[in-house]
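In: 3D model of this:
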Amino acid sequence: MAQSGLVVKQEELKALWQVQQELGLSECNAEALKAIRDIVLFQRQLRPVDPEKCTLEPEEPRAPWANLLTQRFRILQELNNLEIIDLDYTPRFLAKDERDLIVRELEGKKQVKFDQIAKKLALGPSVRFNLESDSRGLLKGNEVSVVLRAKKHFGKLWDTLADTEQAKILTSILDSDDEKALVDSLVKDCGLAVENAENVSKCSLPDGYSRLSLKAIAAILPFLEAEVESYDKAAIKAVYNHSNLYSGEWFENLPY
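Out: Residues are numbered from 1 along each chain as shown. Next comes the predicted model:
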């Protein structure tokens, strides 16, 4: 939410609250105002309780996009499918060193435009990419790390934490239904200032879920990282094969 928009909404809420108080409603006290203000203006939406099941691991729930593994999986999947198209319309995939260079860029930024990718790879201005279009001019970066790395949240501390510690913190943020307990934990266990911990407890992380579970992602990810190859080939190396998901059943009409 833009800062100016937030200020306007705060003023609107304040005006509405004042009217309620003038009507003599005893429930409209300062404590209630703070609770409603936090819910309406700041609190991040809690994730759905029951995500659908994984495409490859039917017993496993789908992984949230607000997860570091899921974010890296998406970045690698897109970059492994990215093709450079030169003036002769001859496409080529990124070399591994080129891919890894852009991975590092995307891990540190919310988004990177295609012309920035071309510049980073020292490609000519006339080069285009297969994923580039009039409606799409960029690739999304690691939206989770970018949020938590913000100065008002963890700041530089975030990149000093081990992967396991980052994952543990993220799980506590996503699963917590007690904001005060979460803030206390972030202050005590991570050494955050109270203000930073409160900001983290209200931060906005990506919504929704991947098609895959964390179990499947963890199995496929090493193969995506090792080579510049497509998801389907990496999945086969991880002993997953989409063709095996076919049940053999025929339908006159597709099920709803």
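In: Asn112: what secondary structure?
Out: Check again: residue 112 is Val, not Asn. Following DSSP: H, G, I helix; E, B strand; the rest coil, Val112 is assigned to strand.
In: Could you check how far it is from Asn142?
Out: 11 Å (C-beta to C-beta, to the nearest Å). From N, CA and C alone the C-beta is placed, and that goes for glycine too.
In: Next, show the common contact partners of the two.
Out: Leu106 (C-beta atoms under 8 Å, 6 or more residues apart in numbering).
In: Who has more neighbours out of the two?
Out: Per other C-beta atoms under 10 Å, whichever of Val112 and Asn142 has more neighbours is Asn142, with 22 against 17.
In: which intervals of the stretch 151-256 of the chain have sub-threshold pLDDT?
Out: Counting by pLDDT under 70, the low-confidence segments of the stretch 151-256 of the chain come to 242-253, 255-256.
In: how about the strands in it?
Out: Read by DSSP state E, counting those that start in this stretch, the stretch 151-256 of the chain holds no strands at all.
In: all helices of it, in order?
Out: In the stretch 151-256 of the chain, the helices defined using DSSP state H, counting those that start in this stretch lie at 163-175, 179-190, 194-201, 214-226, 231-237.
In: could you dump those to CSV with mean neighbour count?
Out: Shown next, in CSV, are these (neighbours: other C-beta atoms under 10 Å):
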stretch, mean neighbour count
helix 163-175, 14
helix 179-190, 16
helix 194-201, 18
helix 214-226, 18
helix 231-237, 17
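In: can you put those in a markdown table and add distance to Ala122?
Out: Below are these laid out as a markdown table (distance: least, C-beta to C-beta, whole Å):
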| stretch | distance to Ala122 |
| --- | --- |
| helix 163-175 | 31 |
| helix 179-190 | 40 |
| helix 194-201 | 38 |
| helix 214-226 | 23 |
| helix 231-237 | 28 |
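In: if we compare those helices, which one ends up closest to Val147?
Out: With C-beta to C-beta as the measure, helix 194-201 is the member of those nearest Val147 (9.0 Å).
In: thought Glu59 was touching Ala216?
Out: No - counting by C-beta atoms under 8 Å, Glu59 sits too far from Ala216 to count as a contact (11.0 Å).
In: Contact partners for Ala66?
Out: By C-beta under 8 Å, 6+ apart, the contact set of Ala66 is Arg47, Val144, Leu170, Leu174, Leu205, Pro206, Asp207.
In: what about it, distance to Cys54?
Out: 17 Å.
In: Kindly provide the distance from Met131 to Asn80.
Out: For residue 131 the amino acid is Leu, not Met. Leu131 sits 11 Å away from Asn80, going by C-beta to C-beta.
In: To clarify, my last question referred to Ser213.
Out: Ser213 is 20 Å from Asn80, by C-beta to C-beta.
In: and the nearest residue to Ser126 once chain neighbours are set aside, how many residues sit next to it?
Out: Excluding the flanking residues, the one nearest Ser126 by C-beta to C-beta, 6 or more residues apart in numbering is Leu87, at 5.5 Å. Using other C-beta under 10 Å, the number of residues around Leu87 comes to 9.
In: which stretch of helix or strand covers Leu87?
Out: Following DSSP states H and E, one finds Leu87 outside all helices and strands.
In: That one: what's it in contact with?
Out: Applying C-beta under 8 Å, 6+ apart, the residues near Leu87 are Gly124, Ser126, Val127.
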